[in-house]
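Engineer: Sequence and predicted structure are below.
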Amino acid sequence: MSVDVLPPKLTQGPVFQYPAHIHQMKETRSTQVEICQPRRSSIPDNANMKLHINHFDPNYIIYDSSSDTTYLRGRLLGKGGFARCYELLDLNTNKIYAGKIIAKTRISKPHQRQKIIREVELQKTLHHKHVVEFHSYFEDDENVYIVLENCSRKSLVHMLKQRKTLTEPEVRYYLKALVEGVGHIHKHNIIHRDLKLGNMLINDSMELKIADFGLATSIGYEGEKKMTVCGTPNYIAPEVLQKRGHSYEADVWAIGCVAYALLVGRPPFETSTLKETYVRITSNNYVLPPTLSADAQDFIQKCLCNEPELRPSLEQLLNSDFLTSGHMPKTLSPACCSTMPKFPIYTKFNRPKSYAVSDQKHDPIEKIIVPFKKVDIQTSVESTKVDKAVEVAERATSPAAFPPIKSPIRELERIDRSESPPSNSREHSPKPRSAATLLDVLSTCLDHMPKDSEHNPPSQGDSNIVWVTKWVDYSNKYGFGFQLSNDIIGVLFNDTSRIILSPDNRAVQYYDMTSKLSTFTLECVPEELEKKTTLLLYFARYMDEHLIQVNFFDDHTKVIMNYMRNDYFVTYIDEDRSASTYSMVNLIQDGCRKGIMERMTFARSMLKNLVDIEGADI
Ligand SMILES: Nc1ncnc2c1ncn2[C@@H]1O[C@H](COP(=O)(O)OP(=O)(O)OP(=O)(O)O)[C@@H](O)[C@H]1O
C-alpha cells in the first residue's frame, strides 16, 4: 500500500491543523514559493522573503501539532521496507530535514509499532557526527513521522551503483567514519545489527552518517548475548545466523562486509540464492581479490573472522595498517559520488598519527600507540637503471625545470641551490649492498659512537647528495619507477621518454623520446600525457606502499642508510620531514642525538632479523 503523504484536506481533524500563514502562501511559479506577510510570530524574519526552493510542493503540508511546526514535503529521498523518506522543509526555521513517513496501515500489528518506537528511543540517545541525528517524532491520522538530519547525497549503495568500486583512500575515509560512528553507538550499549551500504548515508558535505536503527538493540548487561536472527542477508554474521548468541562483534563483521563491498563492488558472500549465501557465511567462504592492497586484505580478513571473540575491537580497527597507512583524504569532493577522484600522491611522511577517538572525553576507545610498528627494508638495486634515474632527476632539478607553483617545494629548492652534479654520475649511485654488510657497518658505528651527543650537526654538505631511495622495475611492461632522497619521483619509460614529479606532488616534467621538455601540474594534465601520468602516480603509490627503508610508524620518522662515495651515511627524517644526513665515520667520532641513535639501534635489530631469516643478501 502506498504511504504517500496525501495533500491535506481542510476538513481534517485537530491533529492536522492548518497554521494561519499557510493560507497566505501563493504559488508564484511551480518551482517558487513566496510567503507573504506572515502573521505568525514563530516564522523568523528571514522567511519573509522569496524562498527559491525548487522541489518543495506547497500543496504537501505536514503539521506537527506537538511542536507547532509546519513542514513542506519535498523530493523523495528513498524507500525502505516500511518507510518512504522525503525531504521536509521546516517553515519555522527554513531548515531541511529528512522525514521518514510510515503509513499507519503498514504498522497495524503491535510489534511493528513497537519496532518504530524502539528505533526512535535508541536513536534519540545518539549524538555523533557520523550517526544520523534524530530531530523529532510525531503522528497524524494517517502516518507516523520520524524527522531526521537530512543526508542529501543518498547512500553508499547509490554511490557504488555509479562508481562500481571505490579507491582505497575513499574507502579509508568512509571506514574511519563508520568505525568512529559505530564506536559511539557501542559506547551507548547499542548494537546496530544492520550495518550495510544502504544504511551509510552521505550528507551535503560528503560526511558519512549511520542510519536506520530499526534492528538495533541495546545490551542490558556486560556479556549479554542476543539470540534474534536479524540483519540483511549479505551482511549477517555467522554467529547471528547460527543462533550462537551475538553481541557487538556482529557489527565488526558487517564493517568487514562494507569494506569488501566498497573495494570489490559486491558483498563478500553474495550469491544468487539466500541459501547459498548463508552456506558461504557459515563456512567463511569468500575470495579476496589480489588487487586489494595487503593492508586492505588484512583489515577485511580480521573483521570476517568466524569467531566473534577473535575479531578486532573498534580501536584496533582504527589503528589498523589499512586505516593508518596510505592516503586518508580529509574531505571528499561531491564529484566522487559519480567519478573516481584523482588523489595527490600519498607519502609516508603524511601518515596520520596513531588514531584516538576524540569526540568524548571518556571514550572507552583508547589511544594505542604501537612503537616502531612496521619496518620494511630495501637495500639493493640494479645500478644501471638507478644511474639513469639519478641522471634524469639531476637534470630535472635545474632551477627553471618545474613550473612555478604556489606551495613551497622545499626539497627542490635545496637541490636548486646545490652545486652542479659531478660529471661522473655513476659515482652518485648506490652500489648494491647486502644487508649483512650494512649490518656490520651499522653495528660498528653504534658500538663505537658516543652514547648521547645532542649537538652533533649533520655532516656538512651531505644534504646536497641525491640518491635513489626506492625503485620498482616494471620494465617488462612499462618502465622503471624510482623515488629519490629528495622525494622526487620519476619513471623511465620503455620508449625512452621520462616523467618526473616534484616533491610536493604537483608539478610534472615530461621529456619525450627526443628529450623535448613539457611541464604541467597534476591539476591540468595534457590529454596525451594522461596515461603516462597515471602510470607515474601508480608507480609512486606502489613505491610508497611497498618499498620503504626503515620507517617508524608511530611518529613517521625514518632512518635511511646508504652507501655513497665510499662512505656509509645515515639519514634521519624527523616528524617535520626535515632530513639530517650523517656519515658513519662522523657518527663514530661525535655521536648524535639519542632519538636518532635509538632508531639506528632499532634499525640494526631489524637488519639482524632480516639477515638471520633471509641470509646475507636481500
Ligand atoms: N536521514 C536521511 N536522509 C536522507 N535519506 C534518508 C534518510 N533516512 C533514510 N533515507 C532514505 O530513505 C530510505 C528508506 O529509509 P529506511 O531504510 O530507514 O526505511 P525503512 O523502511 O526503515 O528501511 P528498512 O527496510 O531498511 O528497515 C533509505 O534507503 C535512504 O535512501
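Structural biologist: In hand now; what should we look at?

Engineer: For the rest of this, base every contact and every neighbour count on C-alpha atoms.
Structural biologist: OK.

Engineer: So which residues on the stretch 151-300 of the chain come close to the ligand?
Structural biologist: Counting by CA under 6 Å from any ligand atom, the residues of the stretch 151-300 of the chain close to the ligand are 151, 152, 154, 155, 198, 212, 214.

Engineer: What about the fourth one, how many residues nearby?
Structural biologist: When neighbours are defined as other CA atoms under 10 Å, residue 155 has 24 of them.

Engineer: residues touching it, list them.
Structural biologist: Shown in contact with residue 155 (CA atoms under 8 Å, 6 or more residues apart in numbering): 197, 198, 199, 200, 201, 202.

Engineer: which one of the residues you listed sits closest to the ligand?
Structural biologist: Distance to the ligand, by CA to the nearest ligand atom, is smallest for residue 198 among those, at 5.6 Å.

Engineer: these two touch, right, that closest one and residue 157?
Structural biologist: Yes. With contact defined as CA atoms under 8 Å, residue 198 reaches residue 157; the gap is 5.2 Å.

Engineer: Give me the common contacts of these two.
Structural biologist: The overlap between the contact sets of residue 198 and residue 157 (CA under 8 Å, 6+ apart) is empty.

Engineer: Residue numbers of the protein in contact with the ligand?
Structural biologist: Proximity of the chain to the ligand is confined to 77-85, 98, 132, 148-152, 154-155, 198, 212, 214 under the rule CA under 6 Å from any ligand atom.

Engineer: What subset of those residues is buried?
Structural biologist: Neighbour-count burial within the residues of the chain next to the ligand applies to 77, 82-85, 98, 132, 148-152, 154-155, 198, 212, 214; the criterion is 16 or more other CA atoms under 10 Å.

Engineer: show me where pLDDT drops low in the stretch 251-400 of the chain?
Structural biologist: 343-400 (pLDDT under 70).

Engineer: please redo it, this time with the cut-off set to 50
Structural biologist: Within the stretch 251-400 of the chain, the stretches with pLDDT under 50 are 345-383, 397-400.

Engineer: how about the helices in it?
Structural biologist: For the stretch 251-400 of the chain, the helices defined by DSSP state H, counting those that start in this stretch cover 274-282, 294-303, 314-318, 321-324, 383-396.

Engineer: Would you confirm that residue 559 belongs to a strand?
Structural biologist: Yes. If the criterion is DSSP: H, G, I helix; E, B strand; the rest coil, then residue 559 is within a strand.

Engineer: State the mean pLDDT of stretch 208-218.
Structural biologist: Average pLDDT, stretch 208-218: 93.

Engineer: distance between the ends of that stretch?
Structural biologist: 23 Å (CA to CA, to the nearest Å).

Engineer: Which residues does that stretch contact?
Structural biologist: Outside stretch 208-218, the residues touching it (CA under 8 Å, 6+ apart) are 115-116, 118-120, 122-123, 129-132, 151, 174, 177-178, 181, 189-195, 199-203, 230-231.

Engineer: Of those, select the buried ones using a ChimeraX command.
Structural biologist: With 16+ other CA under 10 Å as the criterion, this ChimeraX line picks the buried residues out of these:
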select :115,116,118,119,120,122,123,129,130,131,132,151,174,177,178,181,189,190,191,192,193,194,195,199,200,201,202,203,231
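
Engineer: now, which of the contacts of stretch 208-218 lie within strands?
Structural biologist: Those of the contacts of stretch 208-218 mapping onto strands are 190, 191, 200, 201, 202, per DSSP state E.

Engineer: Please enumerate the strands of the stretch 401-550 of the chain.
Structural biologist: For the stretch 401-550 of the chain, applying DSSP state E, counting those that start in this stretch gives strands covering 468-474, 479-484, 489-493, 498-501, 507-511, 517-521, 550-552.

Engineer: Distance to residue 300 for the ones you listed - can I get that in JSON lines?
Structural biologist: Formatted as JSON lines, those follow (distance: least, CA to CA, whole Å):
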{"stretch": "strand 468-474", "distance to residue 300": "27"}
{"stretch": "strand 479-484", "distance to residue 300": "30"}
{"stretch": "strand 489-493", "distance to residue 300": "31"}
{"stretch": "strand 498-501", "distance to residue 300": "33"}
{"stretch": "strand 507-511", "distance to residue 300": "35"}
{"stretch": "strand 517-521", "distance to residue 300": "36"}
{"stretch": "strand 550-552", "distance to residue 300": "24"}
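
Engineer: With respect to residue 249, which of those lies nearest?
Structural biologist: Checking those against residue 249 by CA to CA gives strand 550-552 as the closest, at 30.9 Å.

Engineer: what about the closest one, average pLDDT?
Structural biologist: The pLDDT scores in strand 550-552 average 64.

Engineer: any weak-confidence spans in the protein?
Structural biologist: Using pLDDT under 50, the chain drops low at 1-52, 345-383, 397-433, 460-463, 546-548, 614-618.

Engineer: how close does residue 576 get to residue 555?
Structural biologist: For residue 576 relative to residue 555 (CA to CA), the value is 10 Å.

Engineer: Neighbour count: those two, which is higher?
Structural biologist: The neighbour count for residue 576 versus residue 555, taken as other CA under 10 Å, is higher for residue 555 (19 against 11).

Engineer: where's the more buried one, which helix or strand?
Structural biologist: Under DSSP states H and E, no helix or strand contains residue 555.

Engineer: Pretty sure it sits against residue 575.
Structural biologist: Yes. If you go by CA under 8 Å, residue 555 and residue 575 touch, sitting 6.3 Å apart.

Engineer: quick one: contacts for residue 515?
Structural biologist: residue 497.

Engineer: Against the ligand, how distant is residue 274?
Structural biologist: Separation of residue 274 from the ligand (CA to the nearest ligand atom, to the nearest Å) stands at 17 Å.

Engineer: Tell me how many other residues crowd that residue.
Structural biologist: Residues within reach of residue 274, counting by other CA under 10 Å, total 13.

Engineer: Tell me which residue of the stretch 301-450 of the chain lies closest to the ligand.
Structural biologist: residue 337 (14.4 Å).

Engineer: How about that residue, nearest residue that isn't a chain neighbour?
Structural biologist: Counting by CA to CA, 6 or more residues apart in numbering, residue 337 lies nearest to residue 159, which is 5.1 Å off, once chain neighbours are set aside.

Engineer: helices or strands next to the host helix or strand of the one you found in the packing?
Structural biologist: Element membership for residue 159, per DSSP H and E: helix 156-163. Applying 3 or more CA pairs under 8 Å, 6 or more residues apart in numbering; DSSP states H and E, one finds that helix 156-163 contacts strand 200-202.

Engineer: Now tell me what touches the strand it packs on from outside.
Structural biologist: Here strand 200-202 makes contact (CA under 8 Å, 6+ apart) with 151, 152, 153, 154, 155, 156, 208, 209, 210, 211.

Engineer: 6 Å instead, please
Structural biologist: 151, 153, 154, 155, 156, 208, 209, 210 (CA atoms under 6 Å, 6 or more residues apart in numbering).

Engineer: Make CSV from these and add distance to residue 506 to it.
Structural biologist: Shown next, in CSV, are these (distance: CA to CA, whole Å):
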residue, distance to residue 506
151, 33
153, 30
154, 33
155, 32
156, 30
208, 29
209, 32
210, 35
